[in-house]
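J.: Based on what follows, work out the 3D shape:
(4 chains, ligands or ions: 4)
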Amino acid sequence: MTAREDKPHLTRPHVLHLLREMLRIRRFEERSAELYQQEKIRGFLHLYIGEEAVAVGVMQALGADDAIVATYREHGQALARGVSMNGVMAEMYGKQEGSSRGRGGSMHIFDAKTRFYGGNAIVGGGLPIAVGLALADKMQRRPRVTACFFGEGAAAEGEFHESMNLAALWRLPVLFVCENNLYAMGTALAISESETDIHLKAQSYRVASEAVDGMDVVAVEAAARRAVAAIHAGAGPFFLECRTYRFRAHSMFDAQLYRSKAEIEAWKQRCPIARLTAWAKASSLIHDDDIAAIEREIAAEVQASVDFSEAGTWEPVAELCRDVTTPREVR
Amino acid sequence: MTAREDKPHLTRPHVLHLLREMLRIRRFEERSAELYQQEKIRGFLHLYIGEEAVAVGVMQALGADDAIVATYREHGQALARGVSMNGVMAEMYGKQEGSSRGRGGSMHIFDAKTRFYGGNAIVGGGLPIAVGLALADKMQRRPRVTACFFGEGAAAEGEFHESMNLAALWRLPVLFVCENNLYAMGTALAISESETDIHLKAQSYRVASEAVDGMDVVAVEAAARRAVAAIHAGAGPFFLECRTYRFRAHSMFDAQLYRSKAEIEAWKQRCPIARLTAWAKASSLIHDDDIAAIEREIAAEVQASVDFSEAGTWEPVAELCRDVTTPREVR
Amino acid sequence: MNVAPTAGTQKITLTYRDAVKAAIREALQRDERVFLMGEDVGRYGGCYAVSKGLLDEFGPDRIRDTPLSESGFVGAGIGAALGGMRPIVEVMTVNFSMLCLDQILNSAATIRHMSGGQFSIPLVIRMATGAGRQLAAQHSHSLEGWYAHIPGIRVLTPATLEDARGMLATALADPDPVLIFENVLLYHMTGEIAADAGPVDIDRAAIRRAGRDISLITYGGSLWKTLKAAEELAGLGIEAEIVDLRTLRPLDDATIMQSVRKTRRAVIVDEGWKTGSLSAEIAARIVEQCFWSLDAPIGRVCTAEVPIPYPKHLEDAALPQPPAIVAAARAAVWR
Amino acid sequence: MNVAPTAGTQKITLTYRDAVKAAIREALQRDERVFLMGEDVGRYGGCYAVSKGLLDEFGPDRIRDTPLSESGFVGAGIGAALGGMRPIVEVMTVNFSMLCLDQILNSAATIRHMSGGQFSIPLVIRMATGAGRQLAAQHSHSLEGWYAHIPGIRVLTPATLEDARGMLATALADPDPVLIFENVLLYHMTGEIAADAGPVDIDRAAIRRAGRDISLITYGGSLWKTLKAAEELAGLGIEAEIVDLRTLRPLDDATIMQSVRKTRRAVIVDEGWKTGSLSAEIAARIVEQCFWSLDAPIGRVCTAEVPIPYPKHLEDAALPQPPAIVAAARAAVWR
Ligand SMILES: Cc1ncc(C[n+]2csc(CCOP(=O)(O)OP(=O)(O)O)c2C)c(N)n1
Ligand SMILES: Cc1ncc(C[n+]2csc(CCOP(=O)(O)OP(=O)(O)O)c2C)c(N)n1
Ligand SMILES: [Mg+2]
Ligand SMILES: [Mg+2]
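T.: Ligands and ions are numbered 1, 2, ... in the order given. Next up, the predicted model:
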């Protein structure tokens, strides 16, 4: 994945890469849902199924030095960013081999190697942090971008407003990625926003913005590359609204009283994975056996992450209070 | 003052009324500043001098049933609303004859009779409360308006964003009055907002807005009447930006390092009182002796409020913990 | 108002969740000024299904879904109360309440005083609180103790079905802001209460178990762990008296001190992080008011000083548990 | 690090404000990763004139005026710290800090733990705190005690010129978030300190006055009222030992208990509202650790349970004052 090109090149390898990345998320989460039923995974589990094109598309535009800030619904971003599947799965198991030693669980994936700054379960809470990461880059004259993922529901929070203004006022390299999946838990967009055309909100901060079909990974990648290019050109932050849909419940506790099966089915017809597959096959860039091979590899990777997590160890209770503050010795 | 007319009628009585109301604020605050030097008034004292046209103009459009929510810089709104000058002055003296029994001081003028809900010294803190007052009116089907005054600095707070969205989403009868005096303490508008054309921010909530010359009381009254008419017509909230300027320091502790004498002088040339006077005299609606008479009456009223406050009494220390919660008996 | 008599009357079986819902429904039926407002209280049915069904019954005006704007809608609740309504504002959980704490501390709790008594704010704010569901560091707070520090508000922690059913009506009748904290682990609790259970007092602590050897003082979700510990202590011949605070502000010193004067020993169980938790205030008051009656140091069983970890074994280890309560009680009675 | 030796070295006279400014200036000179950010820290010169002049010296990038967006710029401080900077974020006063408390509680204090130790947050947040200037109910809070409840952060309350001058450097050297509370009444305090006064430790409480009869435990602005009271007590033949906590989290139990074991009596002076103030935690710890050494109940002199009223006579009556401290001490020593 190269960050500095402004257009996606739909070569066979790249298309296979996009497909593989989306499928990794899909299969990983399908397995996670099963593991939740088996009570291997506990707490809150928020699935990204249906929204894979957003994380995968945006990550294509980011370089190794760039930073990511995400929400409690972040498995997709973590995997697409290159956080190890073993680490993410073991984290959800709560094993000390997890990406956060098992301390955080599903909602708090952190990974220093890939500059993945969580995993924030306070809606809107990640936005000011992304602004600060970008401020550090600007003050240290590092040509980096911080991508901040959040849902359309977060756009109602005061922190959204404060963060957009700060980023624009200080012309900071933040890529705000709004995952507009039309619902905040059970609250439909029209019930939470007087202006439902979310990306228009960026205007009142003089922030450039674009709305893109979040079910089309190529469109997302292209838009993200344009946005990152604009940011690198010094235009300040960019607001990218990705229109998408969550196929599954908000969390494992959600009876989905607030939307109809028909609506869900209609959106499933727009599945980003099926869509890319169909197009790539039609343009005979890939073939059934490619897909079969990818599925085999992913099945193995997912199974390996389960085995890794099962084999993982529980942190001793004696360690309970570690990592609260830095031990004086090690300073 | 009649609330239901959509245009100001510049009859001689009305012009005299506007002039008198602005002068009452001006003379009252000039005296307050002196009393602060004499240590009769303590704590924070935020003067409205220079901004009188905003409060006076807006109040013309409000009826007796309407509500007001203001900030720590609220003497002007209180006096223009009809809170007794004695009560406001005694409040600043901290005497129990004050509008809030002296408990609040300059920043916390409250008055049930005139539905004056303070006097909030947390920047942005009054906006959600105004939304709630309007919600109560809407739910109880009362054709009332809640006018919420705040500075342009407050527009950067998250509560501004949340309140605008709620008011618009629920189509509540709130008149948001942004007193854009170009500075938040020592922070110039351009240093606090990426979009300095504040009233444009209303668009991203689908809230109707207008910017008006806040140094022209007639223009403010006319705009406020249009806004209130629109609100009564059921259009939901209205955002009125009044462009004005504070002639004095932010508070009595401010050395004003952040702006030039020249800038202040230039704005003083636009003094709303001088301006109305000049116009009214030119169109020979009023004459020098009218002004002299008004000044005499106001001088007497201000002096009376000082005498009232001087004669006021200190609440006994034994009463220290009253009005924290409602005594069980009186329920 | 006093505790509704239950003896003799017909009983019904229900969950804590049902009890809260019944209280809300009754309030909505009784007084048209009452409405429920918060995130996902309507279409979703409430994060903990407490308000499920109420939207159909009372409509979207009175079962009002809000955007994610904690400061905005809590402040709106304050304004609506000033405007003559009787809002029940649901802040989904205490974990998100920092976002509206300014409105609670600086407006709800102060306007009566700042206005010299001209205005009061009949507002009820409900929040879920507590850990134990493996929700990790940001979703497992127990911060009721912080709210109990604020003059101008009342803080309630219903731990029983009767209190879940009865405290809301009393809170709504109060002219000042009342915060009600519902422990997340209690929503599933099932039991019997009087079919006609009604309003309960919100002024007094309650003795949930009588005993002569030691006072175990607690509230909310910890009450049940403490009752469990008391059973075990009884097996060791130690008869613990359990004080359920019920109301964290104002504290009912009389009931607390009466128990401690009798038992001469006390252990406080509080799910807050130990340092600066409400348990400290209880201990300080006992020392101020009962020092000469104490035969042993006051014990505290609280949460370890760590953000709540996700894994069950670590979360359990971080929180107060019956064995730790038993140990603290035994230390206090030297057995 | 330990307290810089001052004996013998050359002295300079300055105010507490100057001491804080000198510490900030030195930090900016020493480490280019350090910057100051907050409302009106630049053009205005700081709400309390602490940063006056620094804008000209270091420019608007490093003396960064922010909009009124407490949550936004405190969160930005967290992010900047994660990004390798060493931010000093000024939240003008603790009264406004509820608006950024979520960022402090749920991000600054938890990210190290939630990330399994991968990330730490070298952030310093400064706030003015305290009452006494007739600023009324919304502008007179003393909420340091709340912050002392939060695992994952350190809480400092410099009460002396040496600490105002020396705590910032130590705080900036700390890899985790440190909050510094500066009492508003101290900014004008003038005195002498060593010209070369430097970093001071932030782990230990300090004995500000040695005495054998009673331990008066306090911090921040109340230290000076307590010293005043001690003079008066001395006149009555009562020798008070004064413990200045200096650091509210983590508390230095060793120094507190050593003093109480010696004097066998304690009064805690805390400007917070009494119920749930840090004074309760100190009392609870003394009971836990020194119960058998106590010869009298522990006294607490705190703020009355009322939003701070505007009039001076009522504000004075609401706050801890030397006469109340003297009375509490006398009650504890039965004289
Ligand atoms: C401040 C805050 N309020 C409420 C919640 C509870 N909550 C968790 S997710 C969520 C909905 C968020 O919706 P959105 O931002 O659209 O993200 P999505 O879940 O749709 O990806 C809510 C209300 C929270 N975690 N934080
Ligand atoms: C939440 C909050 N932050 C900071 C302050 C300190 N403060 C008081 S007034 C003020 C400036 C407000 O400016 P603006 O909103 O434009 O109103 P103006 O004073 O110009 O009328 C500031 C920063 C405060 N009172 N509340
Ligand atoms: Mg959403
Ligand atoms: Mg202004």
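
J.: which regions of chain C lie under the pLDDT threshold?
T.: Filtered on pLDDT under 70, chain C yields the residue ranges C:1-8.

J.: give the contact list for residue 303.
T.: If you meant another chain, say so; for now it's chain A. A:Gln303 makes contact with no residue under the criterion C-beta atoms under 8 Å, 6 or more residues apart in numbering or on different chains. From N, CA and C alone the C-beta is placed, and that goes for glycine too.

J.: try chain C instead
T.: Counting by C-beta under 8 Å, 6+ apart, C:Thr303 has contacts C:Ala131, C:Ser142, C:Asp270, C:Glu271, C:Gly272, C:Trp273, C:Lys274, C:Ser277, C:Ala318, C:Leu319, C:Pro320.

J.: Does the host helix or strand of the fifth one reach chain D?
T.: Read it as C:Gly272. Under the criterion of DSSP states H and E, C:Gly272 resides in strand C:266-273. Yes. Contact of strand C:266-273 with chain D (C-beta under 8 Å from any C-beta of the partner chain) involves C:Gly272, C:Trp273.

J.: so residue 58, which of the three states?
T.: As the question left the chain open, I've gone with chain A. helix (DSSP: H, G, I helix; E, B strand; the rest coil).

J.: I was after chain C.
T.: C:Phe58 ends up helix, using three-state DSSP.

J.: what about it, distance to A:Gln37?
T.: 35 Å (C-beta to C-beta, to the nearest Å).

J.: Show me which of these two is the more surrounded one.
T.: Higher neighbour count among C:Phe58 and A:Gln37: C:Phe58, with 21 against 10, using other C-beta atoms under 10 Å in any protein chain shown.

J.: Report the contact partners of A:Glu21.
T.: With contact set as C-beta under 8 Å, 6+ apart, A:Glu21 has these partners: A:Glu52, A:Val56, A:Met59, A:Leu79, A:Ala80.

J.: if I pick the single nearest residue of chain C relative to ligand 3, what's in contact with it?
T.: Ligand 3 sits closest to C:Leu68 of chain C, with a gap of 9.7 Å, by C-beta to the ion. Going by C-beta under 8 Å, 6+ apart, C:Leu68 touches A:Val123, A:Gly124, A:Gly153, A:Ala154, A:Ala156, A:Glu157, A:Ala184, A:Ser192, C:Glu39.

J.: quick one, phi/psi of it?
T.: Main-chain dihedrals, C:Leu68, degrees, to the nearest 10: phi -70, psi 80.

J.: same check, this time on A:Asn180
T.: Per degrees, to the nearest 10, the backbone of A:Asn180 is at phi -90, psi 90.

J.: again, but for A:Leu23
T.: phi -70, psi -40.

J.: With C:Thr15 instead?
T.: Residue torsions, per degrees, to the nearest 10, at C:Thr15 are phi -90, psi 170.

J.: Any idea how many residues pack against it?
T.: 17.

J.: For it, which non-adjacent residue is spatially closest?
T.: Leaving out its chain neighbours, the residue that sits closest to C:Thr15 by C-beta to C-beta, 6 or more residues apart in numbering or on different chains is C:Thr190, at 5.0 Å.

J.: ok, now which ones touch that neighbour?
T.: C:Thr190 neighbours (C-beta under 8 Å, 6+ apart): C:Thr13, C:Leu14, C:Thr15, C:Tyr16.

J.: now C:Val333
T.: Going by C-beta under 8 Å, 6+ apart, the list of residues near C:Val333 reads C:Asp213, C:Ile214, C:Ile238, C:Arg265, C:Ala296.

J.: cutoff 7 Å now
T.: By C-beta atoms under 7 Å, 6 or more residues apart in numbering or on different chains, the contact list for C:Val333 reads C:Asp213, C:Ile214, C:Ile238, C:Arg265.

J.: Now do the SS call for the third one.
T.: In other words, C:Ile238. With three-state DSSP as the criterion, C:Ile238 reads coil.

J.: Give me the spatial nearest neighbour of it, chain neighbours excluded.
T.: The shortest distance from C:Ile238 to any non-neighbouring residue, by C-beta to C-beta, 6+ apart, is to C:Asp213 (4.9 Å).

J.: A:Gly124 versus C:Ala137, what's the distance?
T.: Distance from C:Ala137 to A:Gly124, counting by C-beta to C-beta: 17 Å.

J.: Ok, C:Ala171 next?
T.: With C-beta to C-beta as the criterion, C:Ala171 and A:Gly124 are 29 Å apart.

J.: Looking at those two, which has the bigger crowd around it?
T.: A:Gly124 (30 against 27).

J.: and the residue of the stretch 201-331 of chain A found nearest chain C, what does it touch?
T.: For the stretch 201-331 of chain A and chain C, the shortest gap (C-beta to the nearest C-beta) falls at A:Tyr258, measuring 3.9 Å. Contact partners of A:Tyr258, counting by C-beta under 7 Å, 6+ apart, are A:Tyr183, A:Gly186, A:Ala188, C:Arg43, C:Tyr44.

J.: One more: C:Val306?
T.: With C-beta under 7 Å, 6+ apart, C:Val306 has these contacts: A:Leu320, A:Cys321, A:Val324, C:Ala318, D:His113, D:Pro151.

J.: now do C:Glu162
T.: Applying C-beta under 7 Å, 6+ apart to C:Glu162 gives the contacts C:Ile193, C:Ala197, C:Val200.

J.: taking the contacts of A:Tyr258 as a set, which two sit the farthest apart in space?
T.: Farthest pair in these (C-beta to C-beta) is A:Ala188 and C:Tyr44. Separation: 10.3 Å.

J.: Which residue of those two possesses the greater neighbour count?
T.: C:Tyr44 (24 against 15).

J.: how much space between the closest residue to the more buried one other than its chain neighbours and D:Ile286?
T.: Excluding the flanking residues, the one nearest C:Tyr44 by C-beta to C-beta, 6+ apart is A:Gly186, at 2.7 Å. Relative to D:Ile286, A:Gly186 is positioned 50 Å away (C-beta to C-beta).

J.: Please say which of the two ends up with more neighbours.
T.: Remark: of A:Gly186 and D:Ile286, D:Ile286 carries more neighbours, 27 against 24, as counted by other C-beta under 10 Å.

J.: those helices in the chain, which residues are they?
T.: Picked chain A for this. Using DSSP state H, the helices found in chain A span residues A:12-37, A:52-59, A:75-81, A:85-93, A:126-139, A:158-169, A:189-192, A:217-230, A:261-268, A:272-282, A:288-311.

J.: The chain in question should be chain C.
T.: Using DSSP H, helices in chain C cover C:16-30, C:54-62, C:70-82, C:101-102, C:111-114, C:144-147, C:161-173, C:222-235, C:253-263, C:278-290, C:312-318, C:322-333.

J.: Pick out the residue of chain A closest to ligand 3.
T.: A:Gly151 (3.5 Å).

J.: Grab the nearest non-local neighbour of that residue.
T.: Here the nearest residue to A:Gly151 in space, its sequence neighbours aside, is A:Glu179; by C-beta to C-beta, 6+ apart that works out to 5.3 Å.

J.: Quick check: bridge partners of the one you found?
T.: Bridge pairing for A:Glu179 (DSSP bridges) gives the partners A:Gly151, A:Cys242.

J.: For it, list the residues it contacts.
T.: Applying C-beta under 7 Å, 6+ apart to A:Glu179 gives the contacts A:Glu51, A:Val54, A:Phe149, A:Phe150, A:Gly151, A:Gly214, A:Cys242, A:Thr244.

J.: ok, C:Asp163 - contacts?
T.: Counting by C-beta under 7 Å, 6+ apart, C:Asp163 has contacts C:Val200, C:Arg246.

J.: go on, the one 5 residues further on?
T.: Counting by C-beta under 7 Å, 6+ apart, C:Leu168 makes contact with C:Ala23, C:Ile24, C:Ala27, C:Val124, C:Ile180.

J.: If we use 10 Å, what do you get?
T.: C:19-20, C:22-24, C:26-27, C:34, C:88, C:124, C:126, C:156, C:158, C:178, C:180, C:199-200, C:202 (C-beta atoms under 10 Å, 6 or more residues apart in numbering or on different chains).
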